[in-house]
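Novice: below is the sequence, then the predicted model.
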Amino acid sequence: MVQSGQHRAVVAESEPRRLWSGGVGPAHGEVRAEPRGDVVAAVIEGSLCLVTSAGVVTAIEDLLDDVDGQLIIDLSDVSFCDAHGARSLMGLRQHCEDHDVELVLTDPSAPVVRIFDRTRISQSFDVDDEGKRWRPRGTVAGPGRRVEPRRREERGEGG
């Protein structure tokens, strides 16, 4: 198994193609990715916000239409993330679930962790001991879907 720090190196060595680049002024973002068999390694850079999130999500969703397996998104270069950006990542989670693709968020930057904590989205993910790999917990709620309940001790309510 490849460690999260190695994913970025794998993407960088093979010169991934730019899927999307856009935004206005400081609200600029870019998505680069490369499919490798059943795994798609993607990097999001810059802002993940109201201005950029639609382009980021569309680029990654279009890429996933023909991929089965795993989507690994490196978030270490996200310099700004607001609630719209966090919501867009949850939308990607749903899209991955609908296409039987495992989503793994790696190396989230401080702005991503901060907004995930403020919006409580972080409670929807299992995080490894080092905080480097975030995997969705349960399933996304929606028509015909059920979110796996968290045990009381996982919520910090004792038990």
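Specialist: Good, I have the coordinates. Numbering: from 1, shown residues only.
Novice: now do the contacts for residue 53.
Specialist: Neighbouring residues of residue 53 by Cβ atoms under 8 Å, 6 or more residues apart in numbering: 84, 85, 87, 88. Placement of C-beta: from N, CA and C, glycine included.
Novice: between these, which sits nearest residue 114?
Specialist: residue 85 (11.4 Å; Cβ to Cβ).
Novice: what's the helix or strand harbouring the closest one packed up against?
Specialist: In this structure, residue 85 is located in helix 83-98 according to DSSP states H and E. If contacts are counted by 3 or more Cβ pairs under 8 Å, 6 or more residues apart in numbering; DSSP states H and E, helix 83-98 sits against strand 39-48, helix 53-64, strand 69-81, strand 101-106, helix 110-118.
Novice: picking up where we left off before, which of the contacts of residue 53 sit farthest apart?
Specialist: The widest separation within those (Cβ to Cβ) is 7.2 Å, between 85 and 87.
Novice: more crowded one of the two?
Specialist: Remark: of residue 85 and residue 87, residue 85 carries more neighbours, 26 against 16, as counted by other Cβ atoms under 10 Å.
Novice: bridged to the residue lying closest to the more buried one once chain neighbours are set aside, which residues?
Specialist: The shortest distance from residue 85 to any residue other than its chain neighbours is 3.3 Å, reached at residue 48 (Cβ to Cβ, 6 or more residues apart in numbering). According to DSSP bridges, residue 81 are recorded as the beta-bridge partners of residue 48.
Novice: show me what contacts residue 48?
Specialist: Contacts of residue 48 by Cβ under 8 Å, 6+ apart are 29, 56, 75, 78, 80, 81, 82, 85, 86, 88, 89, 112.
Novice: most neighbours, which of those?
Specialist: residue 56 (29 neighbours).
Novice: what is the neighbour count of the residue lying closest to residue 74 once chain neighbours are set aside?
Specialist: Excluding the flanking residues, the one nearest residue 74 by Cβ to Cβ, 6+ apart is residue 43, at 4.5 Å. By other Cβ under 10 Å, 24 other residues sit near residue 43.
Novice: what's the answer for residue 40, then?
Specialist: 23.
Novice: any idea how far it lies from residue 94?
Specialist: 17 Å (Cβ to Cβ, to the nearest Å).
Novice: same question for residue 59.
Specialist: For residue 59 relative to residue 94 (Cβ to Cβ), the value is 16 Å.
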